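Enquirer: here are the coordinates; sequence isn't available:
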């Protein structure tokens, strides 16, 4: 912007720097979560994630075995061993707690009792004396631990924590809740754009009007309705359909204070809810797009004897692909990321939680289990991020169609 | 594990197949019932009947879902807002009077007002800055993509991300939260940001700004590209500098779009729920209307009357902005 008209301004560097700063501020929180999810609980609790990439130093102490086990080498009695239990390297060492970092690695320390001590970089030490000796000695040292990352958090979260179950639940909610409204909206949009029937413009106005209804509005009435339906119908539990479509969960208090027996909180219920909430925008976007398709193609195929159904399938659907894709991405992101609708329309039992609900639970109950929280959160946001980076073009197009044009 | 996957796959399959089956099935059915291939008057009459019914076949699922999930709830909510906790006893305007006089609601309204003041302004501002700056640098698209990225993250996911940023340890301890680490590095003393009265609202708002800036950027960036080159060239010839061109030439030309972005984010803010629910659940004076509504609807036994009243009031706040927005969009499209 500051180099408008091809002029190279020195200010362009200011532009580069400010954009860089903004990008860093915007990505750092996510990067922090990402790095944290690969650290152990101990690492997370003692140091910030930004230290994870450099090697960390810690002061520690080790104790030698008793000197009576010393071996005689070239006339000297030597106790050997390694101060490091796991990997890493030693930077400094010392023999008194007053000067724990007195010597560099490789130096030979003269101890007061006439023995010598030396520690190598790899942690091996030699404690030597000219004559047989006894007793043990503490070795103080500074260890450098190289950056280390672990996949354990992910393994734990996916196997023991029920995250995998939640992941599958999320998919079970999001995929049909994306496909069904698109299908319904595409047919409705086609009818509203290209078919003649009385009341068409009134219907269009109603659809636009329903864009204003916030979905919060619908929760109580629908829940009451679902409960009434659940109360009235007995879903056979033995059949496959029964297994698939009903999930037992928390009952709700009915007006007379009794618990309602059969729970209507099922996948079917939440699909339809997402469908209802997504439809106004879907119909609005798709109709606007379809109206813009060239009239000649549609009219000429009508003349050639194509039925409306054929026109829709063979001409309108393929041509509307960009608009369908845009809305599909929106709806998928929205249903995958949704917490409110899932909290209300799915049961709160552990095995039917979706990922967002699971995360909310983790945030509340084990606020301290950072490693679990981080890995779970990253699994939950990885799917939308993948969709986002793969299909960004359609997402941008959809946004523009939705609000500017 | 395998069984879960299988169950999920079958469930998904049934759901999608049923939707497809309806459209194919009903269409075949209507062609069978009123075959156009019959010779003579009956054939043409059949075609006429079929084409009169077909739009309604295509529209039926949409009309059904819209009525059940949006129209009916609005009517029912209005009805419920005049009734007691379990939705049976008529209480007149009591819920509305309660709304007007309740201290927690006042706090939520005040916080909502703060959100409305800060979030749309900040998101639009940053979005505009990023859109303008990235347009002229070679790695602009990468920068945009990274700033746009939080849009894809759920509010709960974002809350977890920022919980790490705001984490607090006592003074003297190693801070593992980025914000406190920066503060102590500059010599300040660490703060428990999320429980800091009044200011904690702003730390929650940062999360939404972080998410919404990408949205503002995408739309404003398209608007900036739509500005005719000649107006800018003319300004350059007249000796205007970069800032003058931006504020006097470019911004006035995209006012309409800025307004749309601003209002769209305003609507999102009015409905903000997840962030507050997951981060504080309204504690430490961070309550907002949508969270209050949820609390009254579903927690502690629930009070459907009060919950519905809050929901209605949120809708009444959203409607004028939305109407304005839609009219704006329709005008720009040339009145489709």
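Expert: Noted; the coordinates are in hand. Please read these numbers as outputs of a predicted model, since none were measured by experiment. Numbers count the residues shown, from 1 in each chain, chains lettered A, B, ... in the order given.
Enquirer: Please make it C-alpha for all contacts and neighbour counts, starting now.
Expert: Fine.
Enquirer: what's residue 57 in contact with, if anything?
Expert: I'll assume chain A. Contact analysis of residue A:57 by Cα atoms under 8 Å, 6 or more residues apart in numbering or on different chains lists A:142-145.
Enquirer: that's the wrong chain, I wanted chain B
Expert: Residue B:57 sits in contact with B:23, B:26-27, where contact means Cα under 8 Å, 6+ apart.
Enquirer: and the contacts of residue A:57 as a markdown table, adding neighbour count?
Expert: Converted to a markdown table, the contacts of residue A:57 look like this (neighbours: other Cα atoms under 10 Å in any protein chain shown):
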| residue | neighbour count |
| --- | --- |
| A:142 | 20 |
| A:143 | 25 |
| A:144 | 18 |
| A:145 | 16 |
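Enquirer: quick one: residue B:197 from residue B:286, how far?
Expert: Residue B:197 sits 8 Å away from residue B:286, taking Cα to Cα, to the nearest Å as the criterion.
Enquirer: Scan the helices and strands of chain A for the one with the lowest mean pLDDT.
Expert: helix A:240-245 (a mean of 33; mean pLDDT, DSSP states H and E).
Enquirer: what about the helix or strand just after that helix, distance to the chain center?
Expert: Sequence-wise, the next helix or strand downstream of helix A:240-245 (DSSP states H and E) is helix A:267-291. Centre-to-centre, helix A:267-291 and its host chain are 26 Å apart (Cα atoms, centre = their mean, to the nearest Å).
Enquirer: Tell me if helix A:267-291 is near chain B.
Expert: Yes: counting by Cα under 8 Å from any Cα of the partner chain, contacts between helix A:267-291 and chain B involve A:268, A:272-273, A:275-277, A:279-280, A:288.
Enquirer: Closest one of the residues you listed to chain B?
Expert: residue A:276 (5.0 Å; Cα to the nearest Cα).
Enquirer: wouldn't residue A:279 be in contact with residue A:185 here?
Expert: Yes: judged on Cα atoms under 8 Å, residue A:279 makes contact with residue A:185 at a distance of 6.2 Å.
Enquirer: low-confidence ranges in chain A?
Expert: The model of chain A has pLDDT under 70 over residues A:1-9, A:56, A:86-87, A:230-265, A:365-368, A:402-405.
Enquirer: Domain-wise, how is it divided?
Expert: Chain A breaks down into these domains under automatic domain parsing: A:4-52, A:56-145, A:155-403.
Enquirer: List just the one of the ones you listed that sits closest to residue B:166.
Expert: Minimum separation from residue B:166 across the domains of chain A (Cα to Cα) falls at domain A:4-52, 10.2 Å.
Enquirer: Which single residue in the stretch 301-405 of chain A comes nearest to chain B?
Expert: residue A:337 (4.5 Å).
Enquirer: Spit out the contact partners of that residue.
Expert: Residue A:337 touches A:356, B:153-156, counting by Cα under 8 Å, 6+ apart.
Enquirer: Pull the contacting residues for the one residue in chain A that gets nearest to chain B.
Expert: Of all residues in chain A, the one sitting closest to chain B is residue A:48 (4.0 Å; Cα to the nearest Cα). Residues counted as contacts of residue A:48 (Cα under 8 Å, 6+ apart) are B:174-178.
Enquirer: Report the entries of those that also contact chain A.
Expert: B:174-178.
Enquirer: Domain map for chain B?
Expert: According to automatic domain parsing, the domains of chain B span B:2-80, B:95-332.
Enquirer: Which among those domains is found nearest to residue A:61?
Expert: domain B:95-332 (21.4 Å).
Enquirer: quick check: mean pLDDT across that closest one?
Expert: With pLDDT averaged residue by residue, domain B:95-332 scores 85.
Enquirer: Between residue B:197 and residue B:286, which is the more surrounded one?
Expert: A count of neighbours by other Cα atoms under 10 Å in any protein chain shown puts residue B:286 above the other of residue B:197 and residue B:286, at 27 against 12.
Enquirer: helix, strand or coil for that one?
Expert: coil (DSSP: H, G, I helix; E, B strand; the rest coil).
Enquirer: you'd agree it is up against residue B:199?
Expert: No: at 9.3 Å, residue B:286 does not count as touching residue B:199 under the criterion of Cα under 8 Å.
Enquirer: Please work out which residue of the stretch 201-336 of chain B is closest to chain A.
Expert: residue B:242 (4.7 Å).
Enquirer: Around that residue, count how many other residues there are.
Expert: 16.
Enquirer: Need the domains of chain A in CSV (columns: distance to residue B:313).
Expert: Below are the domains of chain A laid out as CSV (distance: least, Cα to Cα, whole Å):
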stretch, distance to residue B:313
domain A:4-52, 34
domain A:56-145, 55
domain A:155-403, 10
